[in-house]
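Asks: Sequence below, structure please.
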Amino acid sequence: MEILNEPEIKEIEERNVAYVSFVGNYLGNTNVFNDLFTKLLGWAGPKQLMGPDTILMSAYHDDPSVTPPEELKLDVCMTIEDDIKVEGEIKKKKLPGGKYVVMRAELTGAEEYGPAWEKVVEWMIQNNLEIDMSRASYEIYLNSP
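Replies: Below is the predicted model:
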C-alpha cells in the first residue's frame, strides 16, 4: 500500500448514483464486490452510461468493529445523471455531500483495504474527530475496483 496523501478534511459534493446493495459479510470477500460490480456495469454498459466522468465507488453503512458481519450493509455505486431510470436490482439515490476525511492510496490487493481504512480511523482519533455513521463511508476507485 502506498499512501499518496495523508488524510485531510475535504468538502465532497452530493452525487446521484445507481447502485446494487448487499447485506452480509463482505470483509475480505472479493467475490461479493466482483458480483456487485458485474451486475451494476452489466446494466450500465448497454445503456452507454460509462463515461470519462463516471465515478465508481463502494458505500459502507456500518462500522465492522461493532456491527455483526452478517448485518453489514454495502452499496456498490456509479455516478449517473439525475434523469436516468433504473430497474430490477439497480436502485438510485443521492449520496450526501459534506465534510469527509479523505485519503488517497494506491492498493495492490484486497488485503490492503483494511490497513488503509485503519490509517484513516487512526488519523481521526489523533485529531479528536468522531466517525459519523449517519452517512456512509466511501471508497472511490480511480481505476479498477
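Asks: quick one: low-confidence parts of the chain?
Replies: The model of the chain has pLDDT under 70 over residues 144-145.
Asks: so how far is the first residue of stretch 124-134 from its last?
Replies: By CA to CA, to the nearest Å, the extent of stretch 124-134 from end to end equals 16 Å.
Asks: Please work out which residues outside it touch it.
Replies: Outside of stretch 124-134, the residues within contact range by CB atoms under 8 Å, 6 or more residues apart in numbering are 7, 61-63, 101, 121, 137. Bear in mind the C-beta positions are built from the backbone N, C-alpha and C, glycine included.
Asks: Where strands are concerned, which of the residues you listed count?
Replies: Among the contacts of stretch 124-134, the ones falling in strands (DSSP state E) are 7, 101, 137.
Asks: Now flag whichever of the residues you listed is closest to Val76.
Replies: Closest approach to Val76 among the ones in strands among the contacts of stretch 124-134 (CB to CB): Ser137, at 13.8 Å.
Asks: Nothing else from me, thank you.
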